[in-house]
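J.: sequence? don't have it. structure:
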């Protein structure tokens, strides 16, 4: 098999992994060397599915010894198999990088023979790239559950980010669909990476030249919609992962049925993209907007509203806190106004030091008022002529798409959500909150 | 201070040259109707005055900005000077006049008509720079890397550090076709030079092979169930496409060996 064919098979097998960010590390280049890293990450292209391409995301091998029900690479699936030699993959990474196609390498692998053997081969790729080619770009490596701690440690010293995929949001689902991956095998390495990072941080304070262990932190991903967990369960799990395991990112991957399975949704099921989108929105609110998971959802409301985003949803249910005065509201409160993001909030704080702001000023600074106008006042006044009663607000917040959803029959995808959300929203529209 | 609707300054288009226009404007206590580079098309509504580039004058202005206004103001001036904003020189001049008047507070006045356009232009420049950090595509010609870009803003000065640091050991050239300039880096030395056109040699076999591999990667990585042309277009507007390897096609290469079976 030539490199072109291998690349095809092993890219195809890796594409369902959603993490492709190259963020979290700042590393200068070296005189005469190759590569650097930028903490914000760099997108080098966007694929036809609209997702950022930042790293050469491939599996080292898809010849898997395991048989996980949801996975294309499972042993029992009839699919072409390929394995890169470490040299081939290193060469590909370097040549792509020189041409500025990519920011670095994202290396994952199916389990060849056993976890240790797999890890050793991945380690070989990483040490070729780092030590022989002197590559200083970004490397994200998947920890293989069940591999020896020393191998994990060695990988972590060469990579920027490590991740262990949680795969499914609960223990029951894991048992059902990934019998070869008990929960301990996933949380175990995650805990070790966390401990490794913490110890490394201490060493760095003491000794300046300590090699850095996973400097860009760790991330994980879980599959959404293959199993019955609710948004609330998933979001509280994420919140716990951020807190307990100090994760940098949790990624959500709408389940796309690629294999038929007894315990799986039918093959024609559409991926719950909207649900995934809502989870990312909520995830953002947790990380950058000071929200707690329990503010967005609770025992009684386990699913996100498909028609409006979580922030709008929160604001409508706390309408008593609004409108806020743009010239006086604290930063934290500005951030909670639908339509005002981190950048806009910062601009407002900066500009209002120079003088009080009215709506025209906000326009000049390119603060988008489409949604925000229902929640703010400037110098005590609302936008001229605006209605701020519940119905008007809701209508103003709904996107054209959502409006369509509400008037037409709900598309199949929506059946994932509780029917009550729909009713609730219609009630809202008739002013019954 | 009287405006001078009847006169336009002409300068060499350089950053120091522009500062000499600022100097002139203060010296004569006037605001000209326009500030234009020599190569720009000139209107017929006003007379022109050539402003010579004098490094001494330029330095005086350049030094005074951080001192009398702020470092942040200097950063804003630098970025908006590289932008493609209409009447950028005149707008920057107005901003500086306001800045000298009221001092460091000026960069906080995001809603002032002399400040807001610069803020927007600077943001626009930085956004385009961020795009190009990723969208620059090099081709290897006998070990030297060459890229052609067509940015709207004058980006090379803002891309220089990033690429020279990252590709320190490489010999490379980035040609900005819009502004007819090239960033050249060789043996740890680099500079930006005017360049009217660029002729490229024939593409080698190895280069063609890596392009083909990249295209294959690009086509394979997209998930069929989530095809989203609108999303892609938002992040990567069409105007970048013709310079991106993944959207180009090369003439097929003659294979010297027959394809191996299986």
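T.: Arrived safely. Note that the coordinates shown come from a computational prediction; the quantities given were computed from them, not determined experimentally.
J.: Provide the strand pairings for the lowest-mean-pLDDT helix or strand in chain B, with the direction of each partner.
T.: Least confident helix or strand of chain B, by mean pLDDT, DSSP states H and E, is strand B:3-11 with a mean of 87. Next to strand B:3-11 in the sheet, as set by DSSP bridges, lie strand B:31-37 (parallel), strand B:47-50 (parallel).
J.: in that strand, what counts as buried?
T.: Across strand B:3-11, burial judged by 16 or more other Cβ atoms under 10 Å in any protein chain shown covers B:4, B:7, B:8, B:9, B:10, B:11. The way it works is simple: take the backbone N, C-alpha and C, and place the C-beta from them, glycine included.
J.: Pick the one among those closest to residue A:166.
T.: residue B:11 (60.6 Å; Cβ to Cβ).
J.: Thought residue B:40 was touching the closest one, still the case?
T.: No: counting by Cβ atoms under 8 Å, residue B:40 is not a contact partner of residue B:11; they are 10.1 Å apart.
J.: tally of neighbours for the closest residue to chain A within the stretch 151-262 of chain B?
T.: Nearest residue of the stretch 151-262 of chain B to chain A: residue B:231, at 2.5 Å (Cβ to the nearest Cβ). Using other Cβ atoms under 10 Å in any protein chain shown, residue B:231 is surrounded by 16 other residues.
J.: Now it. Nearest residue, chain neighbours left out?
T.: Nearest non-adjacent residue to residue B:231, counting by Cβ to Cβ, 6 or more residues apart in numbering or on different chains: residue A:50, 2.5 Å away.
J.: Got the phi and psi for the one you found?
T.: Here is the backbone geometry of residue A:50 (degrees, to the nearest 10): phi 80, psi 0.
J.: contacting residues around it?
T.: With contact set as Cβ atoms under 8 Å, 6 or more residues apart in numbering or on different chains, residue A:50 has these partners: B:226, B:228, B:229, B:230, B:231, B:232, B:234, B:235.
J.: If we ignore the residues flanking it in sequence, what's nearest the first one?
T.: Residue nearest to residue B:226 in three dimensions, not counting chain neighbours: residue A:49, with 4.2 Å by Cβ to Cβ, 6+ apart.
J.: Burial check on that neighbour, number of neighbours?
T.: Residue A:49 has 17 neighbouring residues, counting by other Cβ under 10 Å.
J.: before we move on, what about residue B:162?
T.: Neighbourhood size, residue B:162 [other Cβ under 10 Å]: 17.
J.: any idea what it is structurally, helix, strand or coil?
T.: Look at residue B:162: counting by DSSP: H, G, I helix; E, B strand; the rest coil, its state is helix.
J.: Quick check: phi and psi on the closest residue to it other than its chain neighbours?
T.: Of all residues not flanking residue B:162 in the chain, residue B:133 sits nearest, at 6.0 Å (Cβ to Cβ, 6+ apart). Backbone torsions of residue B:133, given as degrees, to the nearest 10, read phi -60, psi -30.
J.: pretty sure residue B:133 is touching residue A:42, no?
T.: Yes: with contact defined as Cβ under 8 Å, residue B:133 counts as touching residue A:42 (5.0 Å).
J.: Tell me where the model's unsure across the chain.
T.: Since no chain was named, I'll use chain A. Scanning chain A with the threshold set as pLDDT under 70 gives A:406-433.
J.: could you do chain B instead?
T.: Confidence mapping of chain B against pLDDT under 70 gives the ranges B:1-2, B:42-44, B:252-262.
J.: Would you map the strands across it?
T.: All strands of chain B, identified by DSSP state E, fall at B:3-11, B:31-37, B:47-50, B:139-141, B:144-149, B:171-176, B:181-186, B:189-194.
J.: Can I get these in JSON lines including distance to residue A:191?
T.: Shown next, in JSON lines, are the strands of chain B (distance: least, Cβ to Cβ, whole Å):
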{"stretch": "strand B:3-11", "distance to residue A:191": "63"}
{"stretch": "strand B:31-37", "distance to residue A:191": "61"}
{"stretch": "strand B:47-50", "distance to residue A:191": "71"}
{"stretch": "strand B:139-141", "distance to residue A:191": "44"}
{"stretch": "strand B:144-149", "distance to residue A:191": "43"}
{"stretch": "strand B:171-176", "distance to residue A:191": "44"}
{"stretch": "strand B:181-186", "distance to residue A:191": "45"}
{"stretch": "strand B:189-194", "distance to residue A:191": "46"}
